[in-house]
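In: below are the sequence and a predicted model; questions follow.
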Amino acid sequence: MQQRTVEDQLFDPGEAEAMAKEARRHLRAAEEAGARGADATQRREEAAANEVLDKLLQRLRPRLARYAEGPFRNRPNYPDQEILEVAVQEMALGILRRLRDPKQGDIFERKFNYAAKFAILDAIKKVRRENGTDENGLLKDGQKRVDWEGGAESEEGTVRLSLASRTEDLQSPVELAGVIHQVALPQLLEKLPTPLHAQLVSDYLQGLRLKEIAARAGICGKTATRYIKQAFYVIRKLMTEPEGEQRRESP
Amino acid sequence: MNQTNKTVDQLEAIQLQFMEQWEAGETPTLQDYVTRHPEWARELTDFVLLFIEVESAAAAVTEAEVEGVGKQALERVRAGAMAPAGSLREARTALGWSPGRLAQEVSREARLSNWAVLQFERGMVQDWTSRVAKAFAWALGRTLAEIAQLLQGSAPAAASGHYSAKGAPGTNPQTIRTFAEVLDECVRRGEMTDAERRYWLEDEGE
């Protein structure tokens, strides 16, 4: 089966887990030294832990940068170097918090990549929340800024949806479609405001370019974008709200 | 508290299972997970959509595109979260946080009043509980022992400096408060209830 992650290209998980184990061993020794009042030993052990953690984060940096770059590259003011740095900083802090937590840190010694992924996702939600969107990248009016507003004129003059454009070499739109299909896509499409919304979403999930989607529907690219935005807003609400609270509405 | 931890652990275990299946190239379905764990339907939906979006986005970025990205961030982390103990204010500043950012972080995560955190940042509090130390540790990415070092010893010096800056020599013992007094002030200001005050004054065992 095909592996679908990026980390295997960057950092051997076994090596990361060994480093996490070493850092946590020093942290435990520091804590024990602190408990018996051996301040010098405590400081020495903490310094040793920090040295290992520093190496670990340096090794992780390219991976953290990729996770920061992807979700934030389509902001209107891209490239926004500061937000990328803040995202990497939050990811690194999140990893440190979890690794240093006596209860949560244990998983880093066994499943480093997954433990780090939790910290990375938390950091992305946090940075989004603090930079004008909610945790899912949605603006208060329900429009998805991170995913949708980065659609730009390409060299060929073709306006493309940013999610599709940044995953064009992957199966991601198909994978995303898979997830949505599994939550009963036909039923979801039926609940969209108009058949046009359903057609556009269906085409989008097949990975078509915006130009093609718009041409098939006989509308302009901007209108198609607007309709797809509305449709995804409704789909998300349908997928996340309890049955009784679902309403037919658009943003 | 134990019940909360237990349920959060359960959710993470479910999410972990999804990630493992996904990354092994299998095709886990959101439907399946929501059916098996209806009590986490909303959390799992949010998690799966974010996870897939983030994985897809990250996979589309090349190493060349992120050359150099994050170096500044890790410098800040090294100076703020991994440096030898200084003070809360130094740790905050090293992370590139604006004044008050630590207060925002702690306030958001732990619901402690901004004003109370600022008193700690300024070194104006002479004691603390493990609960408040834990909140600082979480925000700054440090251990409890390191937070104790950041808090220890900085109060008299900072208070002395603060008092001198106002034109009076030496340390004014009235300037330094106990944590209980800080919390009393928070209650008086209407920033905290009595129940919250009691919560913060309790020490939390490991």
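Out: Structure received. Keep in mind the model is a prediction, meaning the values are calculated, not measured.
In: quick one: low-confidence parts of chain A?
Out: Scanning chain A with the threshold set as pLDDT under 70 gives A:1-11, A:73-80, A:132-187, A:206-208, A:236-251.
In: do a quick rundown of the strands in it.
Out: Shown for chain A, no strands are assigned by DSSP state E.
In: longest helix anywhere in it?
Out: Criterion DSSP state H: the longest helix present in chain A is helix A:39-72.
In: also chain B?
Out: Taking DSSP H as the criterion, chain B has its longest helix at helix B:2-23.
In: buried residues in the longest helix of chain A, which are they?
Out: In terms of neighbour count (16 or more other Cβ atoms under 10 Å in any protein chain shown), helix A:39-72 has its buried residues at A:42-43, A:45-46, A:48-50, A:52-53, A:56-57, A:60-72. All C-beta spots, glycine's among them, are computed from the backbone N, C-alpha and C.
In: what's B:G141 sitting at in phi/psi?
Out: The phi/psi pair for B:G141 (degrees, to the nearest 10) reads phi 70, psi 30.
In: so how far is chain A from it?
Out: Counting by Cβ to the nearest Cβ, to the nearest Å, the gap between B:G141 and chain A amounts to 4 Å.
In: ditto for B:G123
Out: B:G123 sits at a distance of 20 Å from chain A (criterion: Cβ to the nearest Cβ).
In: confidence score at that residue?
Out: B:G123 carries a pLDDT value of 83.
In: name the SS class of it, please.
Out: Assigned by DSSP: H, G, I helix; E, B strand; the rest coil, the conformation of B:G123 is coil.
In: picking that back up, may I see the buried residues of the longest helix of chain B?
Out: For helix B:2-23, the neighbour count (16+ other Cβ under 10 Å) marks B:E12, B:I14, B:Q15, B:L16, B:F18, B:M19, B:W22, B:E23 as buried.
In: pick out whichever of these sits closest to B:M82.
Out: Closest to B:M82 out of these is B:E12 (25.4 Å), distances taken as Cβ to Cβ.
In: which elements pack onto the longest helix of chain B?
Out: Under the contact criterion of 3 or more Cβ pairs under 8 Å, 6 or more residues apart in numbering or on different chains; DSSP states H and E, helix B:2-23 touches helix A:112-129, helix B:41-59.
In: first-to-last residue distance for stretch A:94-108?
Out: Stretch A:94-108 has an end-to-end distance of 12 Å (Cα to Cα, to the nearest Å).
In: and the contacts of that stretch?
Out: Here stretch A:94-108 makes contact (Cβ atoms under 8 Å, 6 or more residues apart in numbering or on different chains) with A:16-17, A:20, A:23-24, A:27, A:31, A:53, A:57, A:60, A:114-116, A:118-120, A:122-123, B:5, B:77, B:81-82, B:137-138, B:141-143, B:206.
In: is the longest helix of chain A up against chain B anywhere?
Out: Yes: using Cβ under 8 Å from any Cβ of the partner chain, helix A:39-72 reaches chain B at A:42-43, A:46-47, A:50, A:53-54, A:57-58, A:61-62, A:64-71.
In: narrow the contacts of stretch A:94-108 to those that are buried.
Out: Buried among those (16+ other Cβ under 10 Å): A:16-17, A:20, A:23-24, A:27, A:31, A:53, A:57, A:60, A:114-116, A:118-120, A:122-123, B:77, B:81-82, B:137-138, B:141-143.
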